[in-house]
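Enquirer: Sequence unavailable; structure follows:
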Ligand SMILES: [Zn+2]
């Protein structure tokens, strides 16, 4: 199977590998995957008080396409607002990396991951800060 | 469906449907591989793996009994017995032998046996590519993969591997309990977990081998 150059580039030199402290304010964490297939993907965003994604990191265990998809998404979301980042579609990822049809689910995983990270951030922002009375 | 089955038009309901033998037109139990009347080999009928080996659909089975039944059926469909038969009979025996091998392989391993049993009970196949919605399993998967990635010596990896093997055994026992209680949802969840554990085991042994070199 012939993989695209972009895919191989992201797989061999993945961007933004790592973690943020998930309890830090401004950090949203998305954990998705299909452990039964060996795929787990953690994607984290660091959001400014103005609601802009300043930084993103990921940790993915799975095939090369899953790693490349999450690497690409961390690149894409930087500098975007939460709403803009939430509009990223798996088809955009699959197209950019020219994923073969059997690997489309990897791009779905990456879309799920960024959506989950955004939701996690929003839930944390809506909840009362730690140490304050919940009222 | 066909119009020539008016000989059983009394509204009599068979538990196992009969169908005519292709050779003597006699009535044959749909699940029987050979005609009762003329002994002719029949086309394989749809049926689950347990039926193919003539066993009760149960997760707990005696591996020796399974093997014994497998070899007995294998002899019945052996090519030597069909060497002088027509090409149709040869072809049918080959189909039976293939089905039999597949059924045996599937029932041998606990994970695939559990999947076969779930299917036979109508608890449909899971969508593999589905994003896992069990956050606990995801968290566990992420943590164990991180621990494996951080392990630097063959010893550390061997420890992770031993622990995973133990978890596999525990899950297989849990499957037995779930099926005994007819808890299909529970069994489905354990199947997912078992798949994850076996995948992890592949990764641990791969890493252990690479560290040995
Ligand atoms: Zn017959």
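Expert: Sure thing, it's come through. The model shown is predicted, which means the values in this text are computed figures rather than measured ones.
Enquirer: buried sites along the helix ranked longest in chain B?
Expert: As assigned by DSSP state H, the longest helix anywhere in chain B is helix B:184-212. By neighbour count with 16 or more other CB atoms under 10 Å in any protein chain shown, helix B:184-212 contains the buried residues B:187-201, B:203-204, B:207-208. From N, CA and C alone the C-beta is placed, and that goes for glycine too.
Enquirer: Quick check: mean pLDDT of it?
Expert: For helix B:184-212, the mean pLDDT works out to 92.
Enquirer: what about the helices in the chain?
Expert: All of this is about chain A. Using DSSP H, helices in chain A cover A:5-12, A:64-77, A:82-86, A:90-97, A:104-126.
Enquirer: Not quite, go with chain B.
Expert: Under DSSP H, chain B gives helices at B:49-52, B:63-76, B:87-108, B:110-120, B:135-150, B:154-180, B:184-212.
Enquirer: re the thing from before, now the angle between helix B:110-120 and the longest helix of chain B, please.
Expert: 150 degrees (axes from the mean of the first three to the mean of the last three CA atoms, to 10 degrees).
Enquirer: Which strands and helices lie in contact with helix B:184-212?
Expert: helix B:110-120, helix B:135-150, helix B:154-180 (3 or more CB pairs under 8 Å, 6 or more residues apart in numbering or on different chains; DSSP states H and E).
Enquirer: Can you say which of those is nearest to chain A?
Expert: helix B:135-150 (3.9 Å; CB to the nearest CB).
Enquirer: rewinding a little: among the helices of chain A, which is nearest chain B?
Expert: Minimum separation from chain B across the helices of chain A (CB to the nearest CB) falls at helix A:104-126, 3.9 Å.
Enquirer: among the helices of chain B, which is the most enclosed?
Expert: When the helices of chain B are scored by mean count of other CB atoms under 10 Å in any protein chain shown, the highest mean neighbour count falls to helix B:49-52 (a mean of 21).
Enquirer: what's the offset of that one from the middle of its chain?
Expert: Helix B:49-52 has its C-alpha centroid displaced from the chain centroid by 9 Å (CA atoms, centre = their mean, to the nearest Å).
Enquirer: How about stretch B:134-148?
Expert: Offset of stretch B:134-148 from its chain centre (CA atoms, centre = their mean): 28 Å.
Enquirer: What's the mean pLDDT across it?
Expert: 92.
Enquirer: again, but for stretch B:53-63
Expert: Stretch B:53-63 shows a mean pLDDT of 94 in the predicted model.
Enquirer: tell me which residues in that stretch are buried?
Expert: For stretch B:53-63, the buried set under the neighbour-count rule, 16+ other CB under 10 Å, comprises B:53, B:55, B:59, B:61.
Enquirer: related to what we said a few turns ago, and the helices and strands packed on helix B:184-212: which comes nearest residue B:40?
Expert: helix B:110-120 (27.7 Å; CB to CB).
Enquirer: Now do that closest one and helix B:63-76, the angle between them.
Expert: Calculated by the same axes, to 10 degrees, helix B:110-120 forms an angle of 70 degrees with helix B:63-76.
Enquirer: Helix B:110-120 near chain A at all?
Expert: No: Helix B:110-120 stays out of contact with chain A when judged by CB under 8 Å from any CB of the partner chain, the minimum separation being 10.2 Å.
Enquirer: Up against the ion, what does chain B have?
Expert: Taking CB under 5 Å from the ion as the contact definition, chain B meets the ion at B:21, B:23-24, B:26, B:35, B:37-38, B:40.
Enquirer: Now tabulate those residues in TSV and tack on pLDDT and neighbour count.
Expert: TSV is the format used below for those (pLDDT from 0 to 100; neighbours: other CB atoms under 10 Å in any protein chain shown):
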residue	pLDDT	neighbour count
B:21	92	20
B:23	92	17
B:24	92	14
B:26	88	13
B:35	92	20
B:37	89	13
B:38	92	12
B:40	94	18
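Enquirer: Any chance of those in a markdown table with distance to residue B:120 as columns?
Expert: Shown next, in a markdown table, are those (distance: CB to CB, whole Å):
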| residue | distance to residue B:120 |
| --- | --- |
| B:21 | 26 |
| B:23 | 30 |
| B:24 | 31 |
| B:26 | 29 |
| B:35 | 26 |
| B:37 | 29 |
| B:38 | 30 |
| B:40 | 28 |
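Enquirer: Contact partners for residue 99?
Expert: Since you didn't name a chain, this refers to chain A. A:7, A:65, A:69, A:93, A:106-107 (CB atoms under 8 Å, 6 or more residues apart in numbering or on different chains).
Enquirer: not what I meant, chain B
Expert: Here residue B:99 is in contact with B:44, B:52 (criterion: CB under 8 Å, 6+ apart).
Enquirer: What of residue A:64?
Expert: Residue A:64 makes contact with A:3, A:7-8, A:11, according to CB under 8 Å, 6+ apart.
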